[in-house]
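Visitor: Please find the sequence and the predicted model below.
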Amino acid sequence: METVYDFTLPKGYMDSMGNLHRKGKMRLATAGDEISATRDPRVLSNPSYLTIVILGKVVTQLEGVEMVTANLIEKLFTADLAFLQDMYQRINDIEPPTMEVVCPDCGKIHQVPINFTVEG
């Protein structure tokens, strides 16, 4: 079973010297990664930070960078963060639940993602 995956960021991390770093590795997440991330003080004060903390744990390498941390992840371009979030979901087999629906106009059956968020 493959547990570490190579990636190339679409934009790349630009360090303080102006060097661009694009190639890296991400490992599968463990239950411990997710549990410890929920206890992180940054996540407790801002739940949106959960993604950043988890990616800081599972992104194990970025070429030319000594250590990948949540602080580095938060400095990525938005396109790179979205890329890593998508990769995390794919390699950890996290797919949104779907339900089968029938189109009232054409009668075709479609799989539609279920959105559990409530907008007010």
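Guide: Right, received. Where do you want to start?
Visitor: Distance from the longest helix seen in the chain to the middle of the chain?
Guide: For the chain, the longest helix by residue count, based on DSSP state H, is helix 78-91. Counting by C-alpha atoms, centre = their mean, to the nearest Å, helix 78-91 is centred 4 Å from the centre of its parent chain.
Visitor: For the following helix or strand past it, which strands pair with it and how are they oriented?
Guide: Next along the chain after helix 78-91, taking DSSP states H and E as the criterion, comes strand 98-102. Here strand 98-102 is paired, per DSSP bridges, with strand 109-113 (antiparallel).
Visitor: that older thread, residues in contact with the longest helix of the chain?
Guide: Helix 78-91 is contacted by residues 5, 7, 9-13, 26, 28-29, 51, 54-55, 58-59, 73, 76, 94-95 when judged by C-beta atoms under 8 Å, 6 or more residues apart in numbering. All C-beta atoms are positioned from the backbone trio N, CA, C, and that covers glycine.
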